[in-house]
Every structure is written in structure tokens, then in C-alpha cells.
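A.B. asks: Generate coordinates for the sequence data below:
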Amino acid sequence: MLDQVKSENVLFIDIETVPQYSDFEKVPDNFKKLWEVKASKFPVIEGETPATLYERAGIYAEFGKIICISAGFINGGMLRIKSFAGKEESELLLDFANLLNSRFRKPEFQLCAHNGKEFDFPYIARRMLVNGIKIPSILDTAGRKPWEVQHLDTMEMWKFGDYKNYTSLALLTAIFNIPTPKDDIDGSQVGRVFWEEDNLDRIVEYCQKDVVAIVQLFLRYKGENLLPPGNIIIT
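C.D. replies: Numbers count the residues shown, from 1 in each chain. Have a look, this model is predicted:
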């Protein structure tokens, strides 16, 4: 599996997103109405309202924003991870776009994420458009044939053509006996940690750990040894 893919040609990424506003009352009136339309399509339990459902807004590029992109690449048996994070989405997206444009322009380079084709890759591209940033070629799939798209997805690889439900990164790392550190937060808590605790560093660390897990899973898929902790560098 993946024999034709060189690990050194892959940029592994993970993103963290939050609602654009700290609570529903701060959302502009026109977007409140649009969120109410969106929320009306959700399966809800009694008592839930568009306001209480607003914590879900971060998973939609139209109502959320990116606060962290962590990216890792393997070189000489070492995994180096760099994070682009901040409260100003346009700045971190521009920095990430500059990385892609300067170092990952060749057709042999690929991006890899877990559920990246459904979430990370399109979310980044959409938010770049919203922020007036030209989409780097490695992210731009418009007009490309499927085999020309430079995207890998560790969740899609696990499907082997199957169309069953989502398989989490946590479950796959457990199946493959990939050690992962215990975290004090999960994806559902990122919005609260960002807006209520104002603790971006905690979110960045969580995002970086997911990149490490994606890389280790990718190596398992290739039948290769895991990277020891001493071979992982945070820059």
C-alpha cells in the first residue's frame, strides 16, 4: 500500500476551526438568519435552538474560521512540524499559502490529512477565497482529473472503496497500536478553549499531536516503522 508514494514528498496537515463569533448574539443579523436556515436542517433534540447549536458553526467554512494549521514533513528520517496559528485568519492563511507556493509547487508533492478531502482541504481553500488569497496550485482542484489531484486522505485509504461511516483517527491509531499522548481536550472543545479560555497554545499543541498521529498512521499503511519521539521536531 502506498509503495508509489515517497514520504518525503508529502506534507501532512491538520486544521482547527472555530465559529467566527464567540456566541450567537454577536453574529450580524443577516448571518443570524442564514445560520437559522442552516440549523433548521440539523437533527435536534427538544430544547435546542439556532443559538445553542451555534457551537457547531466552526465545522462549516461559511460560518467558521481557521485558527491553526499544523504541517509536518519528513526529511532524513526526521519529522518537522510547523504551525500557523493566530486570531487573524487572513495572516495565518497567507503564511501557509506562501509555504505551499514556495516549497510544494511540483506535481510530485502531495498533501495528506485525515478526512482531508471532505474537510481540511476544501475548508482551507474556501477560507482563502473568503480572505482574498489566491489558492495555491496544490490545493486547487478545479478542472483536474481525479488522478491529477495531489491529495491523500488517511481515512479514505482505510475505506478501500467502501462507503461506510467515518472512521476516526483515534480509532485507527488504536487499531494499529500507535502510541498517542492523552489529551485534555478534543475537537468538540476547541471553540470553548479559544473563545472562553483564550488559550491558543493549548489548541496548537493538540493540532500538532494530530499531525504526528497522521504521519504515524501513514507509515503503518506503508508497512514502515514508526518514528520514535526523538525524530519529531516542533519548529
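A.B. asks: ok, residue 195 touching residue 20?
C.D. replies: No - contact criterion CB atoms under 8 Å: residue 195 and residue 20 do not qualify, at 10.4 Å. In short, each C-beta sits where N, CA and C put it, glycine included.
A.B. asks: And the helices in this protein, which stretches?
C.D. replies: Along the chain, counting by DSSP state H, helices occupy 29-39, 89-103, 120-130, 154-159, 169-175, 190-195, 200-221.
A.B. asks: how about the fifth one as PDB, C-alpha atoms only?
C.D. replies: These are the backbone C-alpha positions of helix 169-175, laid out as PDB (Å, rounded to 0.1, in the frame of the first residue of the first chain):
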ATOM      1  CA  LEU A 169      -8.100   9.000  13.700                       C
ATOM      2  CA  ALA A 170      -8.200   7.900  17.300                       C
ATOM      3  CA  LEU A 171      -9.800   4.600  16.400                       C
ATOM      4  CA  LEU A 172      -7.200   3.900  13.700                       C
ATOM      5  CA  THR A 173      -4.300   4.700  15.900                       C
ATOM      6  CA  ALA A 174      -5.700   2.300  18.500                       C
ATOM      7  CA  ILE A 175      -6.100  -0.400  15.800                       C
END
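A.B. asks: Summarise which helices and strands that helix is packed against.
C.D. replies: With contacts taken as 3 or more CB pairs under 8 Å, 6 or more residues apart in numbering; DSSP states H and E, helix 169-175 sits against helix 154-159, helix 200-221.
A.B. asks: quick revisit: and the helices of the chain, which is most packed in?
C.D. replies: Among the helices of the chain, the stretch with the highest mean neighbour count (mean count of other CB atoms under 10 Å) is helix 200-221, at a mean of 21.
A.B. asks: now that one: mean pLDDT?
C.D. replies: In this model, helix 200-221 carries a mean pLDDT of 96.
A.B. asks: For it, which helices and strands make contact with it?
C.D. replies: Looks like helix 200-221 contacts strand 10-19, strand 64-75, strand 78-85, strand 110-113, helix 154-159, helix 169-175, helix 190-195 (3+ CB pairs under 8 Å, 6+ apart).
A.B. asks: Include distance to residue 36 when you put the ones you listed into a markdown table, please.
C.D. replies: A markdown table is the format used below for these (distance: least, CB to CB, whole Å):
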| stretch | distance to residue 36 |
| --- | --- |
| strand 10-19 | 14 |
| strand 64-75 | 16 |
| strand 78-85 | 31 |
| strand 110-113 | 31 |
| helix 154-159 | 31 |
| helix 169-175 | 32 |
| helix 190-195 | 19 |
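A.B. asks: okay if I get those as a markdown table plus mean pLDDT?
C.D. replies: Formatted as a markdown table, those follow (pLDDT from 0 to 100):
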| stretch | mean pLDDT |
| --- | --- |
| strand 10-19 | 98 |
| strand 64-75 | 97 |
| strand 78-85 | 97 |
| strand 110-113 | 98 |
| helix 154-159 | 94 |
| helix 169-175 | 95 |
| helix 190-195 | 94 |
